[in-house]
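# Sequence and predicted structure, then a few things I'm wondering about:
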Amino acid sequence: MQPIISTFSQAEQIAIELGLLKEEFETIVTILDGRLPTYTELGIFSVMWSEHCSYKNSISIIKTLPRKGGRLLVEAGEENAGLVDIGEGLAVAFKIESHNHPSAVEPYQGAATGVGGILRDIFTMGARPIAALNSLRFGPLDGQTEEASSERTKYLVRGVVHGIGDYGNSFGVPTVAGEVYFDPCYQGNPLVNAMAVGIVEHGNTVSATASGVGNVVMIVGSRTGRDGIHGASLLASAVFSEAAESLRPTVQVGDPFAEKLLLEATLEAIAAGLVVGMQDMGAAGISCSTAEMSAKAGTGMKIDLDRVPLREVGMSAFEIMLSESQERMLVVVRPEDVGGIQAIFQKWDLQAEIVGEVTNTGRVVIDYEGERVADIPAKALALGGDMTPVYRRESHEPKYLKEVRSYDVSNLSDVEDSGAMLRTLLASPNIASKRWVFEQYDSMVRTNSLYLTGSDAAVVRIKGTTKGLAMKTDCNSRYVYLDPYRGGTIAVAEAARNIACTGATPIGVTNCLNFGNPYDPEVYYQFREAVRGMGDACNAFETPVTGGNVSFYNESPSGAIYPTPTIGMIGLIEDVTRVVSSEFKAEGDAIVLLTAADPSNATDGLGGSEYLYRRTGTVTGTAPACDLAKQAELVRALIELADKRLLHSAHDVSEGGIAVALAECCFGQSTENPLGANVTFSSPERRDGTLFAERQGIAVLSCEEKNVAEIVAIARKHGLQADRIGTVEGRRLRIGEWIDEAVEELYEIYSTALPSALGEGVPVA
């Protein structure tokens, strides 16, 4: 029995406690033709008009991104995930989403259910998942702040990594790539972004629509429980204190084995032609799936909550509608196909229960225990609906930008001991090997993986074809903090370079936009400018945005996180035998530096760099320059070089600069017989600028000596510079007179730094 609301003032107070604005409550009353809303209706509006579901503070900005064109088969936002044509009657479905706040509360289940949710977005479209990726941010592994200690950070790291690994491994999808960063700004608010990629044949996709008046609505998969009722603590008011006590939020619990069964049953039902429409019950559960599927088709639904399979007794309509219990789908089926659907799901030991029907009313009507608990126009709830709130918040340039931009890197003394600095950078958790992380993941299940974490991008073959998909997540949030627009362009550009270093052509982007409170004008400025930069970069690389996720309110008592617009990018390679990896291959190979960067600025790339942070303990200065036209030419050149089989390796220069990139090329995928390098640069204005600056648009290449001239010619054709700088030789890394280190000793530092900081066992070579 739901609490009874008897007055408009009482209803308004509850609405505000649920996170709705006063003017939003007034709009709700208008939508309901002036009648008093029920308790369940206010709960539905509160979740559907939350930022997480409605994107009310962000949708006007993200609609400025390029959302169609290229190989896109559906425009961004139309389906659960993006869909891009890859030829031969195949398409790739991919998407990235955040699970930041649940992971901060319970890292293992928060991360695990994040993986489960993004996988469901892929297979509800009819695509079989072939790979998972992630992007993770944590506080520092040493020291203590007001928000948390380093021990708390280590607990979060272990929990998140094991949650991702256990869910993906058990489900049977390889986790092939990702990134992990550590910074004090994430101490009180870690970021857990999960991405999934799947393959589907054209014509076998399923839309998230509730078409066909009279069709049956079913819930398939797991039962509904009280877990995942986010924000229920807001109900702790004097009026509803007794009800609120039973509605305390509980952590979502994932079951990867149930999800595997759900995958197989779902794909079998789709292949049999029994599914009219389908949507995952992710954010907002039944509330979201019923409203969005109805609104998209221009229909309505009538749902009887008494028929919803529950795993807990005494659940209210509010709880059932808002529960985000895992491994559930809402499916629309023709009446004559109900038996077929039930037979398939029963075969996989899953429930498939009729809970309602598709109507022509345009409304979502909910009954429970003999009462009508909700009757709302579907378009008043659905993302992008005619009646949902859309805001463009006040914004102004953050005050801190004046200070960081005034920092003059040229006043910093040049590095004295370059070898010692290289060792320091290789030991930094932001640069050191993440092998301890990715060894928790099964990266080879399904045997499609070619190149994994450690290369610039993972490459997964598409069985039955010569094709492969390169995939990567990328974002340097320090750059976005220092210059939101330029940082947004760099996030896309670096992802494109990483994809192109494998020989693949970038074909599409998904994004996960992690920011602070949008009601803070400085945060909204960061968001607006970062999205503008991303849009310009996506246009330059011809990579439309297929969809994604916005995560606001990422902050702690000490302030907001650095703006972190994580990019997930997919690239297509037509012939996997032409894939290029990042490590040096053969003694005597020439080392060539391919660059789109302007070499005349001695300090470009020092601002916001890991080197500067290690020298000063601050994130300051000017973000690196990023000429998008030249960056696009660099990508085209890398693809052409791979197509002509001129390269043995290609590695993008990023954190730590050229010196770190060269060391990583020496390390490669194997610790046995690592190769060294002997490199020479002309006398620079600043040594640290040459060695450790993070200039954008540079790749370290290796090739047979006979190919150098052709590589230089191709570079010039693309308006780029290519210089032979050295040779792959010996077992030492020699860079002019500045660095002369044994590769084996450098690798020892690089490979042991992260597990040592975590207090974990050091990986065996």
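Alright, I've got the coordinates.
# so which strand or helix has residue 663?
helix 657-667 (DSSP states H and E).
# Check what contacts that helix and list those residues.
For helix 657-667, the external contacting residues (C-beta atoms under 8 Å, 6 or more residues apart in numbering) are 418, 422, 425-426, 431, 433, 582-584, 591, 593, 605, 609, 611, 649, 651-654, 674-677, 679, 690-695, 698, 700, 702, 733, 735, 739, 743, 746-747, 750. All C-beta spots, glycine's among them, are computed from the backbone N, C-alpha and C.
# 6 Å instead, please
Outside helix 657-667, the residues that touch it by C-beta atoms under 6 Å, 6 or more residues apart in numbering are 422, 425, 431, 583-584, 651, 653, 674-677, 691-694, 700, 733, 743, 746-747.
# can you tell me which of the residues you listed are in strands?
When DSSP state E defines the strands, the subset of the contacts of helix 657-667 inside them is 651, 677, 700, 733.
# contacting residues around the last one?
Right, the one you point to is residue 733. With contact taken as C-beta under 6 Å, 6+ apart, residue 733 is in contact with 663, 666, 676, 677, 741, 743.
# From residue 699, how far out is it?
Relative to residue 699, residue 733 is positioned 18 Å away (C-beta to C-beta, to the nearest Å).
# Who is residue 473 paired with across the strands?
Beta-bridge pairing for residue 473 (DSSP bridges): residue 568.
# sorry, back to before: what about the helix holding residue 663, distance to the chain center?
26 Å (C-alpha atoms, centre = their mean, to the nearest Å).
# Against residue 389, how distant is residue 622?
38 Å.
# Then residue 205?
31 Å.
# Those two: who's more crowded?
residue 205 (18 against 15; other C-beta atoms under 10 Å).
# tell me the secondary structure for the more buried one?
coil (DSSP: H, G, I helix; E, B strand; the rest coil).
# residues near the spatially closest residue to it that is not a sequence neighbour, how many?
Of all residues not flanking residue 205 in the chain, residue 126 sits nearest, at 4.7 Å (C-beta to C-beta, 6 or more residues apart in numbering). Neighbours of residue 126 under the rule other C-beta under 10 Å: 24.
# again with residue 27
By other C-beta under 10 Å, 18 other residues sit near residue 27.
# Quick check: what element follows the helix or strand where it lies along the chain?
Element membership for residue 27, per DSSP H and E: helix 22-31. Using DSSP H and E, the helix or strand that follows helix 22-31 in sequence is helix 39-48.
# That next one vs helix 22-31, what angle?
For helix 39-48 against helix 22-31, the angle between stretch directions is 120 degrees (axes from the mean of the first three to the mean of the last three C-alpha atoms, to 10 degrees).
# What lies in contact with helix 39-48?
Defining contact as C-beta under 6 Å, 6+ apart, one finds that helix 39-48 is touched by 2-3, 5, 14-15, 18-20, 28, 53, 284, 287, 317-318, 321-322, 373-374, 381.
# Select, from the ones in strands among the contacts of helix 657-667, the two members most distant in space.
Using C-beta to C-beta, these span at most 13.7 Å, a distance reached by 651 and 733.
# okay, and the common contacts of these two?
In contact with both residue 651 and residue 733: no residue, using C-beta under 6 Å, 6+ apart.
# any idea how far residue 194 is from the nearest residue to residue 326 once chain neighbours are set aside?
In space, residue 326 comes closest to residue 254 once its chain neighbours are excluded; the distance is 5.0 Å by C-beta to C-beta, 6+ apart. According to C-beta to C-beta, residue 254 stands 12 Å off from residue 194.
# For those two, indicate the residue with more neighbours.
More crowded of residue 254 and residue 194, by other C-beta under 10 Å: residue 194, with 33 against 28.
# Name the SS class of the more buried one, please.
Judged by three-state DSSP, the three-state class of residue 194 is strand.
# do the same with residue 14
helix.
# Neighbours of it, how many?
For residue 14, the count of nearby residues is 23 (other C-beta under 10 Å).
# State the distance from it to residue 40.
From residue 14 over to residue 40 (counting by C-beta to C-beta), the distance is 11 Å.
# what's the answer for residue 703, then?
66 Å.
# again with residue 199
For residue 199, the distance to residue 40 equals 40 Å [C-beta to C-beta].
# helices and strands of the protein: which one has the lowest mean pLDDT?
Here the helix or strand of the chain ranked lowest by mean pLDDT, DSSP states H and E is helix 241-245, holding a mean of 36.
# Spatially, which residue comes closest to residue 436, not counting chain neighbours?
Going by C-beta to C-beta, 6+ apart, residue 436 has residue 755 as its nearest residue, at 4.4 Å.
# burial count for residue 319?
A count of nearby residues for residue 319, using other C-beta under 10 Å, gives 23.
# Quick check: it is in a helix.
Yes. Counting by three-state DSSP, residue 319 is part of a helix.
# quick one, what contacts it?
Counted by C-beta under 6 Å, 6+ apart, residue 319 has contacts 226, 229.
# Give the buried residues for stretch 659-679.
Neighbour counts over stretch 659-679 (16 or more other C-beta atoms under 10 Å) mark 659-668, 674-679 as buried.
# One more: stretch 521-539?
Under 16+ other C-beta under 10 Å, the buried positions of stretch 521-539 are 522-539.
# Equivalent analysis for stretch 153-161, please.
Buried positions in stretch 153-161, judged by neighbour count with 16+ other C-beta under 10 Å: 153, 154, 156, 157, 158, 159, 160, 161.
# What is the nearest of these to residue 511?
Nearest member of the buried residues of stretch 153-161 to residue 511, counting by C-beta to C-beta, is residue 160, at 20.4 Å.
# Can you tell me how far that closest one is from residue 474?
19 Å.
# measure the residue nearest to residue 436 to residue 427 for me?
For residue 755, the distance to residue 427 - C-beta to C-beta - is 12 Å.
# now swap in residue 559 and tell me
Relative to residue 427, residue 559 is positioned 28 Å away (C-beta to C-beta).
# same deal with residue 566?
From residue 566 to residue 427 the distance is 25 Å (C-beta to C-beta).
# Give me the more crowded residue out of these two.
Taking other C-beta under 10 Å, residue 566 and residue 427 do not tie; residue 566 has more neighbours (28 against 18).
# Give me the secondary structure label for that one.
strand.
# which residues touch it?
So residue 566 contacts 135, 193, 473, 475, 512 (C-beta under 6 Å, 6+ apart).
# Quick one, grab the pLDDT at it.
Looking at residue 566, its pLDDT is 98.
# ditto for the one 4 residues further on
With respect to pLDDT, residue 570 scores 97.
# unless I'm mixing things up, it is touching residue 508, no?
Yes. Counting by C-beta atoms under 6 Å, residue 570 does reach residue 508; the two are 5.2 Å apart.
# Quick check: which element contains residue 135?
strand 128-138.
# List the pairing partners of that strand within its sheet, with orientation.
As assigned by DSSP bridges, strand 128-138 forms pairs with strand 175-182 (parallel), strand 191-201 (antiparallel).
# Quick one: mean pLDDT over that strand.
95.
# Also stretch 341-360?
Stretch 341-360 comes out at a mean pLDDT of 96.
# Thanks a lot, catch you later.
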